[in-house]
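Asks: Okay, predicted coordinates and the sequence, questions at the end:
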Amino acid sequence: MDNYITGATIKRLREAKGITQNQLGDMIGVGSKAVSKWETAKGLPDITLIEPLSKALGVSVMELMSGDTVRNKNTSSNILRSKFYVCPVCGNVIRSTGDAVISCCGISLPPLEADETDEAHEITIEHVEDESFITVNHDMTKSHFISFIAYVTSDRLQFVKLYPEGNAQTRLQLRGRGYLCIYCNRHGLMKKKI
């Protein structure tokens with residue numbers, strides 16, 4: 001394990017919660033001396049106490065381990081602030097509408113940074129009745145493929161998962177202003193303003 005809980009993190013979270021060392025100890029079934037040892041770096045909590053400690057401090061285990069807490073600042077719920085995360089092990093795609101601590105397959109995932117689409121990932125949009133037929137000019141082999149296509153506006157997200165050896169195309173309803181996002185497993189996230 002690369003990270004382990006620091007005493008400074010425990011102290012900061014405990015004080016932010018407004019509880020004493022004694023109260024924290026009572027909440028997780030240890031004495032106040034144990035909590036004091038953790039906070040002064042003279043000892044570490046047992047691995048079996050990590051989950052109860054995170055619950056008592058009101059944070060996730062990942063936040064406790066990393067020392068970075070996530071606060072919900074997205075009061076307007078603007079979907080345009082969506083962030084995508086892709087697990088390099090299983091290919092799982094996760095989306096959040098703001099800052100989040102995301103992990104999959106035991107790996108902490110950073111949010112994907114989007115670049116503008118390039119010639120190798122050109123997007124063609126053909127309007128058909130009330131939908132748009134979207135095609136990405138890209139081969140779809142087992143080792144190099146488009147994993148998903150998404151359309152993100154301020155109030156909605158349309159998401160289509162694609163698979164190797166299929167077609168890099170889908171139908172979406174492109175209503176309003178937003179971004180068409182594609183994810184190439186080799187070149188990352190790309191977007192095009194619509």
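Replies: Happy to help now that I have it.

Asks: Could you point out the longest helix of the chain?
Replies: The helix that spans the most residues within the chain, counting by DSSP state H, is helix 7-17.

Asks: and that one, what does it pack onto?
Replies: Contacting helix 7-17 under the criterion 3 or more Cβ pairs under 8 Å, 6 or more residues apart in numbering; DSSP states H and E are the following elements: helix 32-39, helix 50-57. Glycine gets a C-beta too; all of them are placed from N, C-alpha and C.

Asks: so can I have JSON lines of these showing mean neighbour count, mean pLDDT and distance to residue 175?
Replies: Converted to JSON lines, the helices and strands packed on helix 7-17 look like this (neighbours: other Cβ atoms under 10 Å; pLDDT from 0 to 100; distance: least, Cβ to Cβ, whole Å):
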{"stretch": "helix 32-39", "mean neighbour count": "19", "mean pLDDT": "91", "distance to residue 175": "53"}
{"stretch": "helix 50-57", "mean neighbour count": "18", "mean pLDDT": "90", "distance to residue 175": "41"}
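
Asks: tell me the domain ranges of this structure?
Replies: Listed by automatic domain parsing, the domain ranges of the chain are 7-66, 79-193.

Asks: Residue 87 contacts residue 104, correct?
Replies: Yes. The pair residue 87 / residue 104 is scored as a contact, 3.8 Å apart, by Cβ atoms under 8 Å.

Asks: overlap in contacts of those two?
Replies: residue 94 (Cβ atoms under 8 Å, 6 or more residues apart in numbering).

Asks: Over to residue 63: give its phi and psi.
Replies: Dihedral pair for residue 63: phi -70, psi -40, per degrees, to the nearest 10.
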